[in-house]
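[1] no sequence on hand, only this structure:
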């Protein structure tokens, strides 16, 4: 296993498989969208029109970035983001960084109307998860990233360089990658949580929380039932997993279905075990005297990535590219990874991490080894119709 | 609006034929505001509620087909949450009334020089955000919180039982959050009662209970009706309390609308549900106002 290529061949094969499926879907979606546009004559929503936005980066030295919470190195003392401050100083850019994304769907719901009308959504960089980025690209809501503006793009891990929803990475760039698996309170559950049966043990009843991100929660349950969520699973197989999930809610095992906020419930003790995200749980453990632990389920966890993109409505593409380029410098990427604890997508960051924190440089959850990667799957890309059907079933089971 | 109407009524009777158009001119800003921020969104919502997915099949893309069956589908999918919303809102309203009446009564009649301070205290929570106040209840009712500790100490609840993520927590949060909406109208109508009517009741040999039953309560009825409406209507549409303090089995119709809109990107169903919620509340309120004989209030 070469250190500069932490994604196993198996995972790469998997992502390649995704690519063909997704590539097909993207083509079909693009055609559909184009047909629709021709029919109603809407402006600015097709990919070619994205170029119609005039880039005023040279006169307006600003960049506005919407990201998820706890996703950039933060200094409690100065109440600022050290890496971002350094970039502001060196580039002269005035960068507005906002933790405005707390859910892919909610964020999309807030900006979809403006994107459709081609009105400025107030951001020049938006960080979203794979499948949502796929939707934006399909609908022409992104701008092509100019390679000349992001020379460090070559530093992306080979396995992430070519993904199905964005062949050649022309419209997006990976921000962080992570696992979904089990997080638990070590004091209350000293034996740990390694299987779905451990999670739903009678003693944990009413104190279990799972992610509202359908692909993560269902991906883990499906693998427990022996179904590969990255493959061509059938509707029945998905619905079997929904039945399992619904039963656990009906029987009172699952306390809540939620996003990042499961962290507060782990701290307060209201939740003892969760389906959560790797980086979240490691950050929690770091802040709470190592009280929590994370593991990938024995039957399999999920792998996802969040990606930076430039919205079609942004008039500061060049500035946004400068920001992306900066965060693809291995030293800067290591600085971010040391704080966020997710998988770092930048090649060479592991060597830089040795200088910051040799222990983290060996963490299988930041620079994963083949063993960890063999246990995770990327959820298959869904057609819009399946997406709606599965999401409806998941929401209904969650009580909505 | 009621105020504008009252002004219009008065000026037309006092000034008579002289300047009949003035009151209507005065209505224009209000009407414009109403059209822009109420009528237009309402029409938009109505139009969305009968749409169906477009041929492209892309998520969030819908076309108008006047499919009224959307309403039936939406209702049958959310019947449980609808019922729950009405029941939770009713309980929260009754609890708020039971808590607010003595409070408003004390402020209006017994507080003396403390009156203004007490009124400020009632309104003070409004200075912090609704979300923060609800999250605070997570802590108050949380496993390490004071309520659970006391109840466990008294062996009223078992050592493993919690109070958050339950229907109890949702209703408690709703009662608390909407309490000022109940207290202020109650206070306003109690405060307006002429003390001489109470003295007169005493002169006529009514004891304290009879005085309250025959004089104070009937005179405060407008406050009771206004307070219950101001509490019930937002409580029935609320989803923040159910999200933060509830569990998957205590979701309300607001949660369904939110999930349909944001998670599933199913705008027609979300719109149809919003309309039905509005209709259900309007019908309940109309029946209530008629029965309580205070039509002039709304």
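    Happy to help now that I have it. Treat the numbers as computed from the prediction; the structure is a model and nothing was measured.
[2] these two touch, right, residue A:298 and residue A:197?
    No: Residue A:298 lies out of contact with residue A:197 (Cβ atoms under 8 Å); the separation is 9.7 Å. (Glycine included, C-beta is placed from N, CA and C.)
[3] neighbour count winner among those two?
    More crowded of residue A:298 and residue A:197, by other Cβ atoms under 10 Å in any protein chain shown: residue A:298, with 15 against 11.
[4] flag every residue of the stretch 51-200 of chain B that's near chain A.
    Within the stretch 51-200 of chain B, the residues that sit near chain A (Cβ under 8 Å from any Cβ of the partner chain) are B:53-61, B:77, B:81, B:138-139, B:142-144, B:162, B:164-165.
[5] so of those residues, which ones are in strands?
    Cross-referencing those against strands under DSSP state E gives residue B:53.
[6] of the residues of the stretch 51-200 of chain B next to chain A, buried ones?
    B:53-54, B:56-61, B:77, B:81, B:138, B:142-143, B:162, B:164-165 (16 or more other Cβ atoms under 10 Å in any protein chain shown).
[7] and which of the residues you listed is nearest to chain A?
    residue B:56 (3.6 Å; Cβ to the nearest Cβ).
[8] so the closest one versus residue B:235, what's the distance?
    Taking Cβ to Cβ, to the nearest Å as the measure, residue B:56 and residue B:235 are separated by 40 Å.
[9] what do you get for residue A:209?
    According to Cβ to Cβ, residue A:209 stands 26 Å off from residue B:235.
[10] again, but for residue A:200
    For residue A:200 relative to residue B:235 (Cβ to Cβ), the value is 34 Å.
[11] neighbour count: those two, which is higher?
    residue B:235 (25 against 19).
[12] now name the helix or strand holding that one.
    Using DSSP states H and E, residue B:235 sits within helix B:217-237.
[13] anything in that helix near chain A?
    No: using Cβ under 8 Å from any Cβ, helix B:217-237 stays clear of chain A, coming no nearer than 15.2 Å.
[14] center of chain A - which residue?
    residue A:306 (3.0 Å; Cα atoms, centre = their mean).
[15] look up phi and psi at residue A:380.
    phi -60, psi 150 (degrees, to the nearest 10).
[16] the closest residue to it other than its chain neighbours: what secondary structure?
    Nearest non-adjacent residue to residue A:380, counting by Cβ to Cβ, 6 or more residues apart in numbering or on different chains: residue A:230, 5.3 Å away. Of the three states, residue A:230 takes coil under DSSP: H, G, I helix; E, B strand; the rest coil.
[17] hang on, residue A:230 packs against residue A:381?
    No: using Cβ under 8 Å, residue A:230 is not in contact with residue A:381; the gap is 9.4 Å.
[18] before we move on, back to that, the residue nearest to residue A:380: how many residues sit nearby?
    Residues lying near residue A:230 (other Cβ under 10 Å) number 23.
[19] what does the one 5 residues further on give?
    The burial count assigned to residue A:235 is 11, neighbours taken as other Cβ under 10 Å.
[20] again, but for the one 10 residues further on
    Other residues within reach of residue A:245 by the criterion other Cβ under 10 Å amount to 23.
[21] please identify the buried residues of the helix or strand containing it?
    Assigned by DSSP H and E, residue A:245 belongs to helix A:235-250. Neighbour counts over helix A:235-250 (16+ other Cβ under 10 Å) mark A:237, A:238, A:240, A:241, A:242, A:244, A:245, A:246, A:248, A:249 as buried.
[22] so which of those residues is the closest to chain B?
    residue A:249 (4.7 Å).
[23] which residues touch the nearest residue to that closest one once chain neighbours are set aside?
    Counting by Cβ to Cβ, 6+ apart, residue B:248 is the residue found nearest to residue A:249 once chain neighbours are left out, at 4.7 Å. With contact taken as Cβ atoms under 8 Å, 6 or more residues apart in numbering or on different chains, residue B:248 is in contact with A:249, A:254, A:256, A:257, A:397, A:398, A:399.
[24] most neighbours among the residues you listed, which one?
    Neighbour counts for the contacts of residue B:248 peak at residue A:254, which has 32 neighbours (criterion: other Cβ under 10 Å).
[25] follow-up on the earlier one: and the pLDDT for the residue nearest to residue A:249?
    Residue B:248 is assigned a predicted lDDT (pLDDT) of 95.
[26] ramachandran angles for it?
    phi -60, psi -20.
[27] okay, now the domains of the chain?
    Answering for chain A, as no chain was given. Per automatic domain parsing, the structural domains of chain A span A:9-171+A:310-328, A:178-303+A:385-397.
[28] I was thinking of chain B, sorry if that wasn't clear
    Here the domain parsing of chain B from automatic domain parsing is B:1-49, B:67-297.
[29] returning to what we had before: now do the helix holding residue B:235: which elements does it pack against?
    Contact partners of helix B:217-237 among helices and strands, from 3 or more Cβ pairs under 8 Å, 6 or more residues apart in numbering or on different chains; DSSP states H and E: helix B:79-105, helix B:167-191, helix B:253-258, helix B:267-292.
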